[in-house]
Each structure stands twice: as structure tokens, then as C-alpha cells.
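Engineer: Any chance you can model this:
(2 chains, ligands or ions: 5)
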Amino acid sequence: MEEISKKDRMKIPRQKMPEQSGEKRVTNFDEVNLGFTEELAKLEALRCIQCPKPTCIEGCPVGVKIRDFIGLVAQGDYLAAAAKIKEDNALPAVCGRVCPQEVQCESQCIMGKKHEAVGIGRLERFVADFERENVGIRTPQVKARTGKKVAIIGSGPAGLSCAGDLIKMGHEVTIFEALHELGGVLVYGIPQFRLPKEIVKAEVEALQKLGVNFQTNAVIGFTDTIDELLQNGYDAVFVAVGAGLPYFLNIPGENLNGVYSSNEFLTRVNLMKAYKFPEYDTPVFNCSNKNVAVFGGGNTAMDAVRTAKRLGAKKAYIIYRRSEVELPARKEEVHHAKEEGVEFLFLENPIEFIGQDGWIKQARLQKMALGEPDQSGRRKPVPVDGSEHLMDIDMAIIAIGNGSNPILQKTTPDLNFNKRGNIVIEESTMKTSKKGVFAGGDIVSGGATVILAMGAGRKAASAINDYLSNPES
Amino acid sequence: MYKIRSAEFLAPNIKKFVIEAPKIAEKRKAGQFVIIRIKEGGERVPLTIADSDISEGTITIIAQGIGKTTKELNTFQAGDSIQDVVGPLGKPSHIENFGTAVSIGGGVGTAIAYPTAVALKQAGNHTISIIGGRSREFVILEDEMRKVCDEVYPTTDDGSYGYHGFVTQKLKELIDSGRKIDFVLAIGPIPMMKAIAETTRPYGIQTMVSLNPIMVDGTGMCGGCRATVDNKTVFVCVDGPEFDAHKVDFALLAQRNKSYLGDEKTALEKQTLEQKSREEEKKEHECNYDKMFFSKISS
Ligand SMILES: Cc1cc2nc3c(=O)[nH]c(=O)nc-3n(C[C@H](O)[C@H](O)[C@H](O)COP(=O)(O)OP(=O)(O)OC[C@H]3O[C@@H](n4cnc5c(N)ncnc54)[C@H](O)[C@@H]3O)c2cc1C
Ligand SMILES: Cc1cc2nc3c(=O)[nH]c(=O)nc-3n(C[C@H](O)[C@H](O)[C@H](O)COP(=O)(O)OP(=O)(O)OC[C@H]3O[C@@H](n4cnc5c(N)ncnc54)[C@H](O)[C@@H]3O)c2cc1C
Ligand code: SF4
Ligand code: SF4
Ligand code: FES
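Structural biologist: Ligands and ions are numbered 1, 2, ... in the order given. Okay, the predicted model is just below:
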């Protein structure tokens, strides 16, 4: 193995991720991807030609030392590989599963030019799982206590990664979370079949072991305001409340029974475990043998439609107003959705929901055509005159994005928000308009990705550390 | 875990709990609510904070057992614990000195109207309350209301106590007697709130109702609690729960609350099997025996 030439390495095909078959997995909520075996991981790692100037790293928002960790995998030193990743990424088991690698690290891999990119995400996942399953998540050294206290609002990836760094720096850290479970979108949004909750739990427990305090059922703004946290002995506050306000379409019929936001649908199923109803108490729309339409084309939409399929939907549709190339979801999710029998309707836009006895029965759709590119660079959908038609559906799930929750804005008058409700920060220091208050993740960027939120959390930790050593700077 | 200090039935199926939750006790204002999860695996249900005691660090909630969760909650007793209590949620009631303010509670709605009646009195209003029930045993919190209100009118549908008739009829009599009424707050079953809205509408009396949609998070994250008020969509948990009665689409609210009717039956049946609920129900009516007979459901 050691002597394998670069040329031979390049002949190894990209290793396939073992997965549950399409027919089988639509009947359960178990993880779809089963993960690499050691053998597959080594083969895949050998495909990396260990570039002197690795371009892949530029594609990773937090600059994971990809070449080096893959080199360690090829040598079979998985624990060292895990440590290497963790120098930059606090949640590799999560990111390896959910990062949109095809537009990040893997899009920049040199192997992708002529062959196929190295499966960086799959290797990252393998390494993190290996560590967790064999030795448990290893906790790093914690510096001497500084006596400073930091409050973190929100337990999503931004909050968790910020807490991990701050505790290592010796500060006392408390995470306040509105819900009864920790992990943010990782527990209430992304489904079990894509990100098992046990993985998030293990990360949270590792932080607990390090000494991070967690307070669930604490809605900051109501239970305590930011000002009260500052008055009650916290030296700094990191706001990482995410983008948790569901957008609706604002069309007639949207409040009919059977019309859900993706947040509500996914929260009921994931956080409240409605897929195990009545073993768990929370119900969700009974999809069994029903026609379910999901409006939108992002990861959230894919998660919702695949969840509906697993709940027994006869037909599950993605209805998207642009075309397939513009779909913002991870490629793998779209591919998986298709394998699972999800039907895609492109260039269609809902303009009305029509009900009977209070329940949704039909959607009035309008065909769209692609016009000039808009601000996002994607071609703008424009309605086609006279193209309206009706479609029979029993349930609609709206997955067209999230805005920011207004609770903090209303309860913290001296914190600056922009027009879209996002907190305004100074990019280099993560400082908000309020002294001692920092912010990052989706509440600043708008709905983005796990790795970006995590990167923001780490950047904030370092900025907060600077601030704590010199509050007047 | 949030410990229950005391628990007692106020009426058949309506139980009052005093729960240790010092932070919420300190913070809460009239009109706000908590969301509780009674046990691991339980659903999140909203309940109004009926009262609080800052020095004791407790809040009071009063729950009517109507479905799976509230019925199970009503088997809890002093010493038991509730898994999760989050709050205070929602906007506090808008309180000012309106002049003469009438608080109307139907059934367990009286529990929700009570804290606002207290606040209206403190703000200097001449405070009247009309508290209704099917029959005598369903009229709750009369003593508490008497302590804070200038006038209290119990009503019963069957005439077994107080005024014989609906709360709406009593309200209309008050209005027609020529009393100047400046503000009405009505809380109870949806048909009752709708009827109150129609009673006051012709007189142009400012009327508020507290809406009770099905909720999940209670923080504005899911949109499940949405209602239509003044032809616009609102999220009741953060924009309310109190709204202008004359602008609420009650039919929609009633319809949306039926979303899980079939499932709720399933849940209840499961519970019934588990608990041999028939016996339980009998005990529930013999409220005084609850301490002796009720055993806590697995948590
Ligand atoms: C269904 C879905 C699928 C997704 N799939 C992917 C994917 O495949 N890959 C990817 O990279 N990204 C994905 N994303 C996006 C990604 O999850 C988010 O960008 C990321 O979670 C943002 O992290 P965060 O820490 O900023 O906020 P969040 O994860 O949103 O966490 C914020 C936390 O703060 C809590 N909170 C809010 N307000 C308060 C308050 N006032 N007081 C206390 N706590 C509060 C919330 O309850 C929540 O737990 C997905 C998002 C969704 C919704
Ligand atoms: C802001 C707010 C404050 C509330 N305060 C109180 C309170 O102080 N005391 C109290 O007893 N109740 C209160 N409620 C109502 C209470 O939340 C519901 O009774 C409870 O959620 C029902 O749950 P369950 O599982 O027991 O019944 P389920 O099995 O969920 O429901 C049983 C039956 O009740 C109907 N139903 C379901 N949800 C509601 C609802 N939210 N309101 C009315 N009917 C419903 C269903 O259609 C069904 O017919 C409040 C609701 C809100 C939104
Ligand atoms: S963190 Fe995400 S983008 Fe970075 S290397 Fe890992 S999978 Fe790729
Ligand atoms: S660009 Fe590709 S081949 Fe080169 S080091 Fe990175 S992963 Fe390996
Ligand atoms: S309960 Fe979820 S938004 Fe109101």
C-alpha cells in the first residue's frame, strides 16, 4: 500500500458510500448513509495525491487541514486524523454529514478536474465516527480558570463551537437554550435519517464534561434579557439564536388545516418525535396514503419531503419555482430524494390553496419561465400568463426559508439589527452595537450552513477572549 | 425538573398546581403563559400563569383535563415534578385605567382571566367580573375574584348557582342597564368568546380575547399557532395571545384546533389502555380522594 504510485492512486475510483437501499429506507428513520468501512476509507484516502499546494482547503470555510488529515487516514492513524480536523472544526461528525461539500472543499479538489473529487466529507465523517465509537470524543486540555463568565444564547452549531473554545480558554460558559433539547437546527430541523441525534448528543456531552453549563427552557428576552445577563455577572454575551422565523407564501388559503411551515413539520417529527406517535405524545399530520407537496428547493425542503415519504405519503412532491440547476439543496439530498420516489415539479409556483371543510384539498399553481439573473445570480422565475392549473394535494409544507425571530430585537432596544432583522456586527471583531455583546451564525448571516455558523462561533470565541482580557479596547 | 408544591382540584377535572419556577415567578406579567412538557416524550402544551409568588418562587397554573396531556397532568400531585416549564411567554396584557373593565371567564377561562383582572384593578379600574360555568361546581376562583374585583357575577347554564344563563346574557344586561363599560376581556371556549365579541360589537366597547391555538415551541419558530386577525396572519404565541375580539376569525381558530382530532383520540385511547382510565375518571370526580388514590404515571 505504501508504495502505490501517484498514477495508480489516480486510477482508484471514488469510493461509494454504503447506504440503505431506497425501498428499505423509506420505511424507517434510520440513517441513510452507513459510513465507510476502514477499507473503503483507506482506499478513498489513497486517492488524495497529497498536493504540495492543496486547493481543497480554500474551499473549506474554516480551513480544515484536509491534505494532512487524509494523509493520516491513509496511514491508518485515525485518531491523529481526528485531532488534526479538530484543530479547525469542532463538529466533524456533523459537518462530514451535512456540509454541501460539492460546492465547498470537494469543489476545489484537484482530482475533480480530470477524475472525481476526493470524498473529503465522507472521510471526515469516518474519522469522527471512528473516534467517537472507539475511544469516545476526546476532550482537550482546559486552561486555568480566568474567572470571567460568558453567556451564550442558542445551542446551535454557532453556540456550541463558541462554547467549546471559550471553555478551553479558561472562561466560565453557560449556554441558554429556548427549547428543551440542545443542538438548534441539528436537533429540531435536520432529520434523524441524515444526522442521528445521538451524534449531537455526544458533542453536547463532551462540552458538558469540559464544564460548559447548559440551561434549557430559557428564552432570552423573556426569561432573562440580555441586559439582565450582563447585570447578573456575565462579562460578555454571544448571541447565536439562528434564523428561526418561518416565511410563509402569503397566499390565500395558507391557514387551512394541513398547511405547515417546514419548521413546524420537522420540529414535530424530529424534536418531538411524532414519527413515533403515539409512543411519543406529539402528533403530526397523518401522511399515510396522502399526497404531500413541499414548496421550496433547499435542504429544508428535501428534509421535509423525505420525511413525508417516510411517514407513508403516497405521493411526495417538491414544487420549485426555478429549474433543477438552481436547486440550492445539497446534491446528495436531491439524489437521495429521487431514489426514494420523490417527484420534482420545476418552474411551478403556488398562488392559492383551496380547501374543503377547513382542510387543504388543492393548490392552484402557475407555470414559471426563467428570466434575467437576479441579485443572487440565479435566473429569476417569471410567471407564464394563462398557465394556471389545479393540483390535488392533502398537505402542503412551506419551505421557502427563514427570517430572524423578533424576540431579541424587541427586548434589546440598543442592539442594532438591519432591515431584514439580522444583527449587525463588525466583521473583524464580531462585536455588535452593544458593549460586551457579540453575535454570529444564522442570526447575522441569514440562513446559511452548519460550517459557517460553526466558523462564526469560533471566531467569536477568539474575539470574546480578546475582549475579556481588555474590555476597553 | 420543576417540582409541584401543591395540587388540588377546583372543580371536576380542573386542577390547580403551584410549581417551583422562581425565575418565571419573578418575571411573569398578567396575560403571559408557560409551555410545559409533563414528562420525557410528552408534548408541549401552553397554560396561562394564573398567579405567582415571588418570595416562594412559585407560579400557579390551572388546567382543565380535556385531552391526553392535560388529563395526565391532572393525575400529578404535590411532590411530583414536571419535566419542562418554559416562560413567561407571549405579550403581557395591555393594561391601563380604562374606567370600568369587565373580565369574563368561562369555565377554566376564569383562571386565564384572573391575573388580568388583578392587573386591571391595580391600574385603577372599576373591575367587574362575570364567571360562568355549566353548573355550580364548574364556577371556579370565585373567592379569589371577589378579593380583587368590585363586583363579581357568577353565572350557571343550569341555574344551579348565581345568575341563570350564559355570561353573554349577563354582560348584555349590564350594558343595557345603562352602565358605562369601557373595556371587556373575555376568555373561555371559542363559541363563548365569539358570542361576547358579537355582544359588544354593536356598542363599540373595546373587547379583548385570549386565543388558544395549538402550539409547539411558543417562541415564534414554527408558525403552528397562526391565526387570522384583521385579515392578517399572526403568530399567537409571540403576537398575542390577546387580540381585539372584533377582528378575530374565530371560525378559522376553531377549525385549526381540530387539526389532530383523530390523533388525539388515538393518544387518549393509548393512555386509557395504560391507565385503565375509567377508574381514574371516577376518582377525578371525587377530588378529595385524589391524594389517596392517584399514583404518578411513569416519567
Ligand atoms: C431543515 C434544515 C436543514 C438544513 N440542512 C443543512 C445541511 O444539510 N447542511 C448545512 O450546512 N446546513 C443546513 N442547514 C442550515 C444550518 O442548519 C444552519 O445554518 C445552522 O444550524 C445555523 O446555526 P446557528 O447556530 O446559527 O443557529 P441554529 O442552529 O438555528 O440554533 C439557534 C438556537 O438558538 C435557540 N434560540 C433562538 N432564540 C433564542 C432565545 N431568544 N433564547 C435562547 N435560545 C434561543 C434556538 O432554539 C436554537 O436552538 C439546514 C437548516 C434547516 C432548517
Ligand atoms: C396561550 C394559551 C393559554 C392556555 N391556558 C390554559 C390554561 O390556563 N388552562 C387550561 O386548562 N388550558 C389552557 N390552554 C389550553 C390548553 O393548552 C389545551 O387544553 C391543551 O393544550 C390541550 O392538550 P391535551 O393534550 O390535553 O389535549 P388534546 O388531546 O391536544 O386536545 C383535546 C381536545 O381539545 C382541543 N384542543 C386542542 N388544543 C387546544 C387548545 N389549545 N385549546 C382548546 N382546545 C384545544 C382538541 O381539538 C381536542 O378536541 C391554553 C392555551 C393557550 C394557547
Ligand atoms: S468542514 Fe465541511 S467544507 Fe470543511 S473540509 Fe469538512 S466537509 Fe469540507
Ligand atoms: S486538493 Fe484533493 S487531492 Fe489535493 S490535497 Fe486536497 S483532497 Fe488531496
Ligand atoms: S407555537 Fe410555534 S410559532 Fe407559535
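Engineer: Can you pull the phi and psi angles for the closest residue to ligand 3 within the stretch 101-250 of chain A?
Structural biologist: Minimum separation of the stretch 101-250 of chain A from ligand 3 (CB to the nearest ligand atom) falls at A:Cys105, amounting to 3.2 Å. Using the backbone N, CA and C atoms, a C-beta is placed for each residue, glycine as well. When read as degrees, to the nearest 10, the backbone of A:Cys105 gives phi -50, psi -50.
Engineer: just checking, it touches A:Asn89?
Structural biologist: No - at 10.7 Å, A:Cys105 does not count as touching A:Asn89 under the criterion of CB atoms under 8 Å.
Engineer: list residues touching both of the two?
Structural biologist: A:Val64 (CB atoms under 8 Å, 6 or more residues apart in numbering or on different chains).
Engineer: What confidence value was assigned to residue 5?
Structural biologist: In the absence of a named chain, chain A is used. On the pLDDT scale, A:Ser5 is placed at 80.
Engineer: that's the wrong chain, I meant chain B
Structural biologist: 95.
Engineer: In this structure it contacts B:Pro22, no?
Structural biologist: No - using CB under 8 Å, B:Arg5 makes no contact with B:Pro22, being 11.8 Å away.
Engineer: Quickly list what's touching both of those two.
Structural biologist: Shared contacts of B:Arg5 and B:Pro22 (CB under 8 Å, 6+ apart): B:Thr58.
Engineer: The helix or strand B:Ala197 falls within near chain A anywhere?
Structural biologist: Using DSSP states H and E, B:Ala197 maps to helix B:190-200. No - judged by CB under 8 Å from any CB of the partner chain, helix B:190-200 and chain A are separated, with a smallest distance of 13.5 Å.
Engineer: tell me what the helix or strand following that helix is packed against?
Structural biologist: Next helix or strand after helix B:190-200 toward the C-terminus (DSSP H and E): strand B:206-210. Secondary-structure packing of strand B:206-210 (3 or more CB pairs under 8 Å, 6 or more residues apart in numbering or on different chains; DSSP states H and E): helix B:109-122, strand B:183-187, helix B:190-200, strand B:242-244.
Engineer: can you dump the C-alpha coordinates of the helix or strand that comes right after strand B:206-210 into CSV?
Structural biologist: Sequence-wise, the next helix or strand downstream of strand B:206-210 (DSSP H and E) is strand B:226-229. Provided in CSV are the C-alpha atoms of strand B:226-229 (Å, rounded to 0.1, in the frame of the first residue of the first chain):
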residue,chain,number,x,y,z
ARG,B,226,-51.1,31.1,13.5
ALA,B,227,-54.5,32.8,13.4
THR,B,228,-56.1,35.4,11.3
VAL,B,229,-56.8,38.8,12.9
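Engineer: Distance check, A:Glu332 against ligand 1.
Structural biologist: 9 Å (CB to the nearest ligand atom, to the nearest Å).
Engineer: Next, count neighbours for that residue.
Structural biologist: 20 (other CB atoms under 10 Å in any protein chain shown).
Engineer: May I ask which helix or strand encompasses it?
Structural biologist: helix A:331-339.
Engineer: Sheet-wise, list the partners of the helix or strand that that helix is followed by with their directions.
Structural biologist: The element immediately downstream of helix A:331-339 (helix or strand, assigned by DSSP H and E) is strand A:343-346. The strands beside strand A:343-346 in its sheet (DSSP bridges) come out as strand A:315-320 (parallel).
Engineer: Contacts for the partner strand next, please.
Structural biologist: In contact with strand A:315-320 (CB under 8 Å, 6+ apart) are residues A:291-297, A:301-302, A:305-306, A:308-309, A:326-327, A:337, A:341-350, A:363, A:365, A:393.
Engineer: which bits of the stretch 51-200 of chain A sit near ligand 3?
Structural biologist: Counting by CB under 6 Å from any ligand atom, the residues of the stretch 51-200 of chain A close to ligand 3 are A:60, A:62, A:64, A:66, A:89, A:95-96, A:99, A:101, A:104-105, A:120-121, A:124.
Engineer: and if you look at the stretch 351-473 of chain A?
Structural biologist: A:Ile451.
Engineer: Helix, strand, or coil at the residue in the stretch 51-200 of chain A that chain B sits nearest to?
Structural biologist: The minimum distance from the stretch 51-200 of chain A to chain B, using CB to the nearest CB, falls at A:His180 (4.5 Å). Taken by DSSP: H, G, I helix; E, B strand; the rest coil, the conformation at A:His180 corresponds to coil.
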